[in-house]
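Novice: I would like to see how this sequence folds:
(chains A and B)
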Amino acid sequence: MKALAGILELKDLTAGYQGKAVLGPLNLTMNCGTLGLLGPNGAGKSTLLKVLLGLVHPMSGSGTVAGLALGSGHKLRRVIGYMSEADALIPGMTGIDYVSFAGELGGLSRRDSSRRAHELLHVLELDEARYRLLDEYSTGMKQRIKLAQALIHDPPLLLLDEPTSGLDPSGRDAMLDLLERLHKNHGKSFLLSTHLMGDVERTCQEMVFLFAGQVLLKESVSNLSRSIPSEYRVRLRRPPLGIDLPKHWRPDGDGYIVRLAKGLDTRAIWEEVAQMGLVVAHISQRHEDLRERFAQLVGDAKEGAGKDGFGKDHPAKVLAS
Amino acid sequence: MNESLREPGSPTLGDFLEYRPFHGKLRRPSYAIWAIGRTGLGLLFRRKLFWGLYLMGLILFFLYFFGQYLLVWAGSQDFGQSIRIGPFARIPRKELIDTLRTMLKMDGSPTMFHNFFQTQGSIVMVLFALAGAQLVGNDFRFRSFPFYFSKPIGPLHYLLGKGLAAAVLLNLLTTIPALLLFFQAWFLGDWSWSMEKIRLLFSILGYGAVLTWGLVPLLLASASGLTRTIPIAMFWIFCFLFLRGISEGLVDRLGYAANWKTIDLWNDLGMVGSRILGIADEAKNRNTKPEFMVVLAIVTVIPLLSLAYLRMRLSKVEVLR
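Specialist: The predicted structure is shown next:
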């Protein structure tokens, strides 16, 4: 089964509360099937999810989700499965009742809903716990039952809000495996809102970085990883006392991180060190990961917002363009 | 899932079972109302306490049921002057009939139904005071709304579903047994239909509707605001015991205007109910009876205010956190 093309399209979308826009104007297309939504707190991620769920109406602009116009209300939520960050469980209910109830709310008949709930809990390996009260579930089980209730009406698009939050490493691996499987084997598209770059790196084909309600960066995860410039960790035999180090050298513990421009290799570092009359004690390549990129983007964006009101010349904007 | 018992790398149940798409047709959101109501009742009846209270209601119902039967039976038999009840007791026939007909009014008359509604109402009060948290309060307290509102339903469906559960609970204890008593009286009588009987039948339904209208929105509103059982119970004690005491003190002892009696909502509901049943005003002192139009206004306005408060509470629910 192939993921739907153009499952999400937003055009000049603005949304907010009480007449004040907190999101947009936003232009976003999701063709890939798996999109990571990143951004610091207050970036507009939750508002975007609310708009997609039809709970907040756009102030201007337009958009479609799985071919349905934003603002289609109930119809929109039929094609979306939402897994919230908060527990959102109903105390006093058993796992099977909860998922079955979710199915009925999603539009399934009682019989279909009950049958699918049993199937899903098998698939999500909660079959042994299905008759236990939700109050007794562990964090990992709660995350899986939340995924089950999002999948019960078989929506083509899943909105996942921090699905690995609170999970231990093995639980996190299991959840991410499951998401990958749902996409690869069953064609489920998902939008993953998270602070964890590792989750996006592993499960998403594309990522969007939101800041102050704007798309700061939209890039395929593989391209982004490739675009990260090479950096080297360098330790010197003796400290460079009285020597002005170049700007691309920055202190890091007992050594330095040296970022090289594209096309240069370690010979450039050896030459620079020799020119300063110093001797290299150790040199090794340093792999910057997306997490650091994320931190850097946040830092740059905040700095830019403070200096020039986040104008178009800001490096983060340039990067986005 | 017993993750600790599984050997690393061994296949899990989830590896053998696969997610299956749903090919059926999704139903309209209005079907969710019944699912919400049914699930709400299911949550209540998982607690033994509610069965206990319901049993008390049944005992009172059987008191009326057998009272009516006894009256007809005693009237139709020729026992001489006294009737043997059980192995030892003998009751004068006239005294038994007088007690049942005049004192207890177990004669299928409108007054009997008024008394029945009032008696059962006291149990409904206790039941409602304890059910509010289960039915609505927990959804606010445990932030269950992302679960509800990410599905293709709106706040109206949620309210109607919860209202349905509360209404069923109330009418299971009041209107439905009252209807059974009506049909019992009809079977024990002459099996004929007259305008009077049809009017009584509709009056019983009307009384149930008034209680439903007066109490259900108030229950949902108080539960949405106070969320926990004890504060909700205290609110109900305040409304239906404390305010009753104050109104009686103000009007009967301190001589305030009779309209002060309207602060006792239970009395107001009873007055509207008795008017529907066509019972004559039996007040010993007419000066202590509030004006009916004021009572009607209170019975109309309080549920409307409750619904407005509920709307406000639901609009402030943060679905995505």
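Novice: which residues in chain B form helices?
Specialist: B:13-16, B:31-44, B:48-76, B:93-98, B:110-132, B:138-141, B:145-149, B:155-173, B:175-188, B:195-226, B:229-237, B:243-248, B:265-277, B:292-315 (DSSP state H).
Novice: and the angle for the last one with helix B:195-226?
Specialist: Translated: helix B:292-315. For helix B:292-315 against helix B:195-226, the angle by axes from the mean of the first three to the mean of the last three CA atoms, to 10 degrees is 40 degrees.
Novice: follow-up on the earlier one: winner for burial among the helices of chain B?
Specialist: helix B:145-149 (a mean of 24; mean count of other CB atoms under 10 Å in any protein chain shown). Using the backbone N, CA and C atoms, a C-beta is placed for each residue, glycine as well.
Novice: and the residue of the stretch 201-321 of chain A found nearest chain B, how far from residue A:92?
Specialist: Of all residues in the stretch 201-321 of chain A, residue A:210 sits closest to chain B, at 14.3 Å by CB to the nearest CB. Counting by CB to CB, to the nearest Å, the separation of residue A:210 from residue A:92 is 37 Å.
Novice: ok so, going back, any idea which of the helices of chain B scores lowest on pLDDT?
Specialist: Averaged per stretch, pLDDT over these is lowest on helix B:13-16, reaching a mean of 48.
Novice: give the contact list for residue 24.
Specialist: Just going to use chain A. A:12, A:13, A:14, A:15, A:44, A:60, A:61, A:213, A:214 (CB atoms under 8 Å, 6 or more residues apart in numbering or on different chains).
Novice: not quite, go with chain B.
Specialist: Here residue B:24 is in contact with A:108, A:109, A:112 (CB under 8 Å, 6+ apart).
Novice: need the helices of chain B in JSON lines (columns: distance to residue A:181).
Specialist: Converted to JSON lines, the helices of chain B look like this (distance: least, CB to CB, whole Å):
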{"stretch": "helix B:13-16", "distance to residue A:181": "9"}
{"stretch": "helix B:31-44", "distance to residue A:181": "30"}
{"stretch": "helix B:48-76", "distance to residue A:181": "43"}
{"stretch": "helix B:93-98", "distance to residue A:181": "76"}
{"stretch": "helix B:110-132", "distance to residue A:181": "42"}
{"stretch": "helix B:138-141", "distance to residue A:181": "32"}
{"stretch": "helix B:145-149", "distance to residue A:181": "24"}
{"stretch": "helix B:155-173", "distance to residue A:181": "33"}
{"stretch": "helix B:175-188", "distance to residue A:181": "50"}
{"stretch": "helix B:195-226", "distance to residue A:181": "40"}
{"stretch": "helix B:229-237", "distance to residue A:181": "43"}
{"stretch": "helix B:243-248", "distance to residue A:181": "60"}
{"stretch": "helix B:265-277", "distance to residue A:181": "57"}
{"stretch": "helix B:292-315", "distance to residue A:181": "37"}
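Novice: redo the ones you listed as TSV? Include distance to chain A.
Specialist: Below are these laid out as TSV (distance: least, CB to the nearest CB, whole Å):
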stretch	distance to chain A
helix B:13-16	5
helix B:31-44	4
helix B:48-76	12
helix B:93-98	47
helix B:110-132	12
helix B:138-141	6
helix B:145-149	4
helix B:155-173	8
helix B:175-188	23
helix B:195-226	14
helix B:229-237	13
helix B:243-248	31
helix B:265-277	29
helix B:292-315	11
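Novice: one step back: so how far is chain B from the nearest residue in space to the residue of the stretch 201-321 of chain A closest to chain B that is not next to it in sequence?
Specialist: Among residues not flanking residue A:210 along the chain, residue A:39 sits closest, at 3.6 Å (CB to CB, 6 or more residues apart in numbering or on different chains). With the distance defined as CB to the nearest CB, to the nearest Å, residue A:39 ends up 14 Å from chain B.
Novice: pLDDT weak spots in chain A?
Specialist: Along chain A, the model assigns pLDDT under 70 to residues A:1-5, A:225-229, A:262, A:287-298, A:300-321.
Novice: same thing but at 80, please
Specialist: A:1-6, A:18, A:24, A:31-32, A:55, A:71, A:73, A:222-231, A:261-265, A:285-321 (pLDDT under 80).
Novice: can you give me the helices in it?
Specialist: For chain A, helices defined by DSSP H occupy the ranges A:45-53, A:74-78, A:95-105, A:110-123, A:139-151, A:169-186, A:197-203, A:221-227, A:266-275, A:290-308, A:315-320.
Novice: wait, residue A:32 touches residue A:205, no?
Specialist: Yes - if you go by CB atoms under 8 Å, residue A:32 and residue A:205 touch, sitting 4.1 Å apart.
Novice: who touches both of the two?
Specialist: By CB under 8 Å, 6+ apart, the residues touching both residue A:32 and residue A:205 are residue A:220.
Novice: contacting residues for the residue positioned nearest the centre of chain B?
Specialist: The centroid of chain B falls nearest to residue B:170 when counting by CA atoms, centre = their mean (2.0 Å). Applying CB under 8 Å, 6+ apart to residue B:170 gives the contacts B:124, B:128, B:208, B:211, B:212, B:215, B:216.
Novice: try 6 Å
Specialist: Neighbouring residues of residue B:170 by CB atoms under 6 Å, 6 or more residues apart in numbering or on different chains: B:124, B:212.
Novice: show me what contacts residue 113?
Specialist: Assuming you mean chain A. A:100, A:103, A:104.
Novice: my bad, chain B
Specialist: B:178, B:204.
Novice: rewinding a little: burial count for the residue nearest to residue A:210?
Specialist: Counted with other CB atoms under 10 Å in any protein chain shown, the neighbours of residue A:39 add up to 26.
Novice: how does chain A divide up, domain by domain?
Specialist: A:8-79+A:155-223, A:227-287 (automatic domain parsing).
Novice: deepest of those domains, which one?
Specialist: Buried most deeply of the domains of chain A, by mean count of other CB under 10 Å, is domain A:8-79+A:155-223, with a mean of 19.
Novice: residue of the stretch 151-300 of chain A nearest chain B, please.
Specialist: Closest point on the stretch 151-300 of chain A to chain B, by CB to the nearest CB, is residue A:154, at 3.8 Å.
Novice: isn't that residue right next to residue B:22, touching?
Specialist: Yes - with contact defined as CB atoms under 6 Å, residue A:154 reaches residue B:22; the gap is 3.8 Å.
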